[in-house]
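Starting from these lines, generate the structure:
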Amino acid sequence: MADGFIARTTDAEAGRVDVVRSRSVAAADVPARLSAMEEIGASGQFEKTRFALLAAVEMHRAHFGDAALRDRIEESIVASWSKMPLAIRFEVLVALADTALERGDRTEAASLVARAVAMLADARWSIDADVQWTARIAERRFRIGEEAEARAMLVDAIGRYEAGRATIIDIDRAATLRPVLQAWTTIGDAERARELLAKTLEEGAVNPNARPRALDLAATLALVAEHSI
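Residues are numbered from 1 along each chain as shown. Take a look at the predicted model:
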């Protein structure tokens, strides 16, 4: 029945279905799926490539215990994302690292995080994107045992936020700070988290439109509730 509906969907809708289906792809079928992903990646089709990469993330999670197949999936991902924006590459790398952490493989997680750190060092993009991804990667560095490095990255991220604050659209500032707030909470630095929470609430209150201001507040309070700040 699903196939009949998929035939009439957009690439994005079909891609979401494929991501879910990829959670149960048999090991024998993975190589063919990876070859197809590499072809899609070479074509430069954004939506199809993005969802193919996310599907590969699900296959990586499903077959994590098979080291050879896991490595093949990671190699195929890297071979397929050259035409994708950096944000998509970071999204995929962080998801792979999270799987490794969930499975207790700190060595594999550290390898993936190191790749993300190297990629971040070469990235050239807006201050808000830089701060958010620095925070997300710092959080993973803490989780793999690199606490000092994680703290240094977060301090640096806040410094860059302050230096470039004027270049960030005011309605985007709270969203820029929330990943840093989450990272400080993960690290367990309650004092810094409380200070940054106050700043995040202030930055989110400047939107002149009530609805997005309320949504911004809700996102921050959801983070507070989830992490018991």
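
quick one: the closest residue to Glu147 other than its chain neighbours and Phe142, what's the gap?
With Cβ to Cβ, 6 or more residues apart in numbering as the criterion, Glu147 has its nearest non-adjacent residue at 6.9 Å, and that residue is Ile187. All C-beta atoms are positioned from the backbone trio N, CA, C, and that covers glycine. For Ile187, the distance to Phe142 equals 5 Å [Cβ to Cβ, to the nearest Å].

any residues in contact with both of those two?
Taking Cβ atoms under 8 Å, 6 or more residues apart in numbering as the criterion, Ile187 and Phe142 both touch 150-151.

From the rest of the structure, what touches the strand or helix carrying Thr99?
Using DSSP states H and E, Thr99 falls within helix 86-102. Helix 86-102 has contacts (Cβ under 8 Å, 6+ apart) with 50, 53-54, 56-57, 60-61, 64, 74, 77, 81, 106, 108-109, 112-113, 115-116, 119-120, 123, 125, 129, 133, 136-137, 140, 143-144.

how about 7 Å then?
The contact list for helix 86-102 (Cβ atoms under 7 Å, 6 or more residues apart in numbering) reads 50, 53, 57, 60-61, 64, 74, 77, 81, 108-109, 112-113, 115-116, 119, 123, 125, 129, 133, 136, 140, 143.

ditto for stretch 153-173
127-128, 130-131, 134-135, 137-138, 141, 176-177, 180, 183-184, 203, 206-207, 212.

tell me how far the ends of it are from each other?
With Cα to Cα, to the nearest Å as the measure, stretch 153-173 spans 19 Å from end to end.

Please identify the buried residues of that stretch?
Buried residues in stretch 153-173, counted by 16 or more other Cβ atoms under 10 Å: 153-154, 157-158, 161, 168, 171-173.

returning to what we had before: are any of the contacts of helix 86-102 buried, and which?
By 16+ other Cβ under 10 Å, the contacts of helix 86-102 give 50, 53, 57, 60-61, 64, 74, 77, 81, 108-109, 112-113, 115-116, 129, 133, 136, 140, 143 as buried.

So Leu69 is in contact with Asp29, correct?
No. Between Leu69 and Asp29 there is no contact under Cβ atoms under 7 Å: 11.0 Å.

Name the residue in these two with the higher neighbour count.
Ranked by neighbour count (other Cβ atoms under 10 Å), Leu69 and Asp29 place Leu69 first, with 18 against 11.

list the contacts for the residue nearest to that one when sequence neighbours are not counted?
Nearest non-adjacent residue to Leu69, counting by Cβ to Cβ, 6+ apart: His63, 4.8 Å away. For His63, the contacting residues are 27, 30, 69-70, by Cβ under 7 Å, 6+ apart.
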